[in-house]
Each structure stands twice: as structure tokens, then as C-alpha cells.
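In: need a 3D model of the following:
(chains A and B)
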There are 2 protein chains.
Amino acid sequence: MDLETIIQTRRSVRIFSDKPLEKEQLESLGLAAIWAPTGGNAQPWYFIIITGKGTIKVIKTLSPGLLGNPQAVIAVLADKQYNVRKMGQVGETLALMDCSMAAQNIMLRAWDLGIGSCAVRSFNQKALQEILEIPEHISVELLITLGYPGHEPAPPPRRESVIQWDRFHGET
Amino acid sequence: MDLETIIQTRRSVRIFSDKPLEKEQLESLGLAAIWAPTGGNAQPWYFIIITGKGTIKVIKTLSPGLLGNPQAVIAVLADKQYNVRKMGQVGETLALMDCSMAAQNIMLRAWDLGIGSCAVRSFNQKALQEILEIPEHISVELLITLGYPGHEPAPPPRRESVIQWDRFHGET
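Out: I've put the predicted structure just below:
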């Protein structure tokens, strides 16, 4: 698939089929993540690829925003303290932006492989840190659910009017 | 180019050639941006595509992080207030993440077209708002510089050890 098609046909998938994902596919998603750009090339992140059915079940109970039964979940983590030490307070914001760009790489590459995904921000931070054995100073910024799509979500309408030229031309 | 190649060969470009960009290319970058996912499908964003040489020169003086002489700049704006009204305080964080994912779409699609880009976060917010006629409650979150590459940056080394399985296995 060419990139334009991948970008425009990717949907947020919230119903997944039972077909398992292969290890090579998940490895490829990890690689896509780490090639995103980061402020000051700090790479202040970790990507935990979770495939254990038991762990996913527990994560689901801790994440109101996580719908369906994904075959895998990638937890995108930020070490904001590291970034703040390196570049001051702006490092906190940059780490969040870096993680988001990496997440977009993961979701695009997943769709390129025919795999559906959904970014989830609604979860119990502390409980997730405990279960995944994440130290307190490293935070979960996103969960990305993964699996072959079990439905074909319609494209939500896009507002093309937000694309403006040369200066701000008004709210739309 | 296939997506894997686009993701892994994209570099942050900070020296640009004089070759101008075409309007259709820039339109295509705008379209790539608006197909990124957003929390609650809020699309709390605007994308201002700036090509005027005078405006770019002024923006450059206001943005210590902006290097080289890009042929175009896309300002990625967030309406965080709108998001906060819609979904509470978390909307502020989500808007930033949404804008970052859209920015990654822009930079990947640019590279797909042979165009170099660099995400810039270091700029004078108030002065940019004034010059681009952006209302106070809408913020510039990123500037993306664009142009054909005038150099071939080496790939910065990547830490593959940040990809971990099933649980956090330690800092690397």
C-alpha cells in the first residue's frame, strides 16, 4: 500500500478478530516506533509489547478506554525526568510529543500489515506501572491495541477547512 | 517508497535547496495531517501552510530552533480550550498528542515526496500568534520546515533495547 492510502484508510479499530499476530509483525512495529524523531534526539521512551492473554485481560480491566479483545498491546512509555534533566522543563512536553509521533508510526505500520489499532489514553497509571513492573519515574503515555480488524469502521468526516494558507483565516 | 523505507530513511533536514515546492505537494501534506487520529475525534487543530518568503524570514527570526532556509513552513495549531470544554482537563494533553501525530503524518508524507522536513518547538509563541493572526486561545504547537534536502544527514543511532516484551525489563 502506498503511504497516502495507508494514512487515509487507517481507522481506529475497536473490534478485533481471534487471528493471532506473528512475532515478526510485532517486532516490525517496534522498529517503526524507534525511527520517529525526538527532540534533541533524546529518545526518552520505551515500548513494551504485550502478548500474554492474562496480562491483556488485566490491562483491560484497568483501562476504561480499551475496547475489544486485542491480540497484543503496545505500551508507549516516557522517561520525562530524563528529558527534563537533559533539556529543562520543556523536556516533559517534548517527551509526550515524541511518544505520540512514535505511536503514529506504530499505527501506520500496523495498518500497512493489515493490522488494526487504537490509541488509548484512559487507563489507571499506577496500576499499569505495577503490573508491567515500570519504575515510578517512567510513565505510560499511551496504550495501542492491536489485532486484525473484526469490523470496518466508517471514516469519520474530516474538516478540510482547518487547512489554511499563509495566515490564520478564522475558526471553522 | 514502501512505508518501512519511508519511516527508516526519513531524517530531520536542516539545510534546504532553493528548489521551490509545488502547491499540490503542500496540499497533499495538509491532507495527510487531517487523517491522523484524534482523541474523541475532536480534531482540535489547524494547519497553516506558509510559503511567503517574507513571512518565513520573520518566522525564522522568532524561532531559534528553525535552521536553514525552508521553502515552506507548516504551523500546527491546537485549540486546547475547545478540547477542554469537550472532555475536561485531559483535552489539553490530548490536543498536543493529536497535533504530534498529525505532524508525523506530514513529515512522513513529505519524505515520501522527496521533501525534507524538521519539527521545531523552539519559537516565540506570542509573536508567531501576532504575525499569523492567530487568536490568543489557539496555540502554535509545532513548526514544520519543508524543502528539498540540501544535505544527507546521517541516521542518528537508535536504541533497539527500548523495545521490550511483556513487562518492563530495565532502563537501558
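In: buried residues in stretch A:4-20?
Out: Buried residues in stretch A:4-20, counted by 16 or more other CB atoms under 10 Å in any protein chain shown: A:6-7, A:10-16. Bear in mind the C-beta positions are built from the backbone N, C-alpha and C, glycine included.
In: what's the span of it, first residue to last?
Out: One end of stretch A:4-20 to the other measures 27 Å (CA to CA, to the nearest Å).
In: pull the distance from that stretch to the chain's centre.
Out: Offset of stretch A:4-20 from its chain centre (CA atoms, centre = their mean, to the nearest Å): 13 Å.
In: specify the local secondary structure of the most centrally placed residue in chain A.
Out: In chain A, the residue lying closest to the centroid (CA atoms, centre = their mean) is A:Ala103, at 3.6 Å. Using DSSP: H, G, I helix; E, B strand; the rest coil, the structure places A:Ala103 in helix.
In: now do the strands in chain A.
Out: Under the criterion DSSP state E, strands of chain A are mapped to A:45-50, A:72-78, A:116-120, A:139-147, A:163-165.
In: closest one to chain B among those strands?
Out: Closest to chain B of those, according to CB to the nearest CB: strand A:163-165, at 3.7 Å.
In: mind checking how far that closest one is from the chain centre?
Out: 27 Å.
In: direction included, what does that strand pair up with?
Out: Neighbouring strands of strand A:163-165 in its sheet, by DSSP bridges, are strand B:45-50 (parallel).
In: just the CA trace of the strand it pairs with, in CSV.
Out: Only the C-alpha atoms of strand B:45-50 are listed here, as CSV (Å, rounded to 0.1, in the frame of the first residue of the first chain):
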residue,chain,number,x,y,z
TRP,B,45,-6.4,21.6,15.2
TYR,B,46,-5.4,23.9,12.3
PHE,B,47,-2.6,23.7,9.8
ILE,B,48,-1.3,26.9,8.4
ILE,B,49,0.8,26.3,5.2
ILE,B,50,3.2,29.3,4.9
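In: list phi and psi for A:Trp35.
Out: Dihedral pair for A:Trp35: phi -90, psi 10, per degrees, to the nearest 10.
In: re the thing from before, who touches the residue nearest to the centre of chain A in this structure?
Out: Applying CB atoms under 8 Å, 6 or more residues apart in numbering or on different chains to A:Ala103 gives the contacts A:33, A:76, A:119, A:142, A:144, B:97, B:101.
In: A:Ala95 now?
Out: By CB under 8 Å, 6+ apart, the contact list for A:Ala95 reads A:39, A:42, A:44-45, A:78-80, A:83, A:141.
In: from B:Glu171, how far out is it?
Out: A:Ala95 sits 14 Å away from B:Glu171, taking CB to CB, to the nearest Å as the criterion.
In: swap in A:Met97?
Out: Here A:Met97 is placed at a distance of 21 Å from B:Glu171 (CB to CB).
In: in chain A, where is pLDDT below threshold?
Out: By pLDDT under 70, chain A has no low-scoring segment.
In: which residue ranges of it form helices?
Out: Assigned helices in chain A, in chain order: A:3-9, A:23-34, A:53-61, A:80-87, A:90-112, A:125-131 (criterion: DSSP state H).
In: any idea which of the ones you listed gets closest to B:Glu24?
Out: helix A:3-9 (12.3 Å; CB to CB).
In: wait, does the closest one contact chain B?
Out: Yes: judged by CB under 8 Å from any CB of the partner chain, helix A:3-9 comes into contact with chain B through A:3-4, A:6-8.
In: closest one to A:Glu133 among the strands of chain A?
Out: With CB to CB as the measure, strand A:45-50 is the member of the strands of chain A nearest A:Glu133 (9.5 Å).
In: just the angle between the closest one and helix A:23-34, please?
Out: Angle of strand A:45-50 versus helix A:23-34, following axes from the mean of the first three to the mean of the last three CA atoms, to 10 degrees, is 160 degrees.
In: if we can go back for a sec, mean neighbour count added to the strands of chain A, as a markdown table?
Out: Converted to a markdown table, the strands of chain A look like this (neighbours: other CB atoms under 10 Å in any protein chain shown):
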| stretch | mean neighbour count |
| --- | --- |
| strand A:45-50 | 24 |
| strand A:72-78 | 24 |
| strand A:116-120 | 25 |
| strand A:139-147 | 24 |
| strand A:163-165 | 18 |
